[in-house]
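A.B. asks: Quick one, structure for this:
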Amino acid sequence: MTILVVTGTGTEIGKTIVTAAVAAALRDRRVAVLKPAQTGLAPGEPGDAAEVARLAGGHVTTVELARFPEPLAPATAARRAGLTPVRPHEIAEAAQKLATEHDLVLVEGAGGLLVRYDDEGATLADAARLMAAPVLVVAPAGLGTLNATALTTEALRRRGLTCPGVVVGSMPAEPDLASRCNIEDLPVAAGVPLLGAVPAGAGAWPPADFRAGAASWLAPELGGNRPAG
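C.D. replies: The predicted structure is shown next:
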């Protein structure tokens, strides 16, 4: 696995922190993080790729293809800003170029799998298909996650894309009943293994503590030592 696409069942569910955890767990490898479209930030503000590098360490190369100021879907944000959108072939070409110089390229999407990147309806799934890359799904812990995760993995299967598993992006220290049950039910609903759970608030930890903990949150398939579910 040279390229791994990271998507989610929605927005603000921990994709960036999971991406950072995978990069941190693989700190003995050459890792690149590609953010095809960063929205909601002005020029010069640190984005998701910079956050991954801050948490995971200096072995991470970061690339951002486009930035749009409004916090909207990439296609909408590009159109409203009068800027050129990012196309799937551009994502694929950038990732494949990085793959020639790195052991792993993590491509972090925006929002969910089928969020539009241009007005023709291109999505992250289209880019993943061009790269023939597996797609890791990040999901929330609580009520409602089973349906959203099952829909995402079903969409991947219908497009002929491989999903190695699901990672819970923010697991509460004191999970409620739904969150506790979902740890067992997610693999059944999604049809793929549970490959990890990142503690809620881990993104605010000191980077050294984050790096020290990352491997314990993830299954061996992602460079960690947590048993897969």
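
A.B. asks: quick one: furthest residue from the center of the protein?
C.D. replies: For the chain, the largest distance from the centre (CA atoms, centre = their mean) belongs to residue 82, which lies 26.8 Å off.

A.B. asks: Check it and give its pLDDT.
C.D. replies: As predicted, residue 82 sits at a pLDDT of 97.

A.B. asks: and if you look at the one 3 residues further on?
C.D. replies: With respect to pLDDT, residue 85 scores 98.

A.B. asks: How about the contacts made by it?
C.D. replies: Residues in contact with residue 85 (CB atoms under 8 Å, 6 or more residues apart in numbering) are 37, 66, 74, 75, 78, 79, 117, 118, 119. The way it works is simple: take the backbone N, C-alpha and C, and place the C-beta from them, glycine included.

A.B. asks: and those, which of them are in strands?
C.D. replies: 37, 66 (DSSP state E).

A.B. asks: Where does the prediction get shaky in the chain?
C.D. replies: In the predicted model of the chain, residues 1 satisfy pLDDT under 70.

A.B. asks: returning to that earlier point: please pick the buried ones from the contacts of residue 85.
C.D. replies: 37, 66, 74, 75, 78, 79, 117, 118 (16 or more other CB atoms under 10 Å).

A.B. asks: For the nearest residue to the fourth one once chain neighbours are set aside, give its distance to residue 63.
C.D. replies: In other words, residue 75. If the residues on either side of it in the chain are set aside, residue 75 comes closest to residue 116, at 3.9 Å by CB to CB, 6 or more residues apart in numbering. Look at residue 116 and residue 63: by CB to CB, to the nearest Å, they are 21 Å apart.

A.B. asks: okay, these two: which has more neighbours?
C.D. replies: Taking other CB atoms under 10 Å, residue 116 and residue 63 do not tie; residue 116 has more neighbours (19 against 16).

A.B. asks: bridging residues for that one?
C.D. replies: Taking DSSP bridges as the rule, residue 116 bridges to residue 123.

A.B. asks: Surely it is in contact with residue 72?
C.D. replies: No: using CB atoms under 8 Å, residue 116 is not in contact with residue 72, being 10.3 Å away.

A.B. asks: doesn't residue 19 fall inside a helix?
C.D. replies: Yes: checked against DSSP: H, G, I helix; E, B strand; the rest coil, residue 19 lies within a helix.
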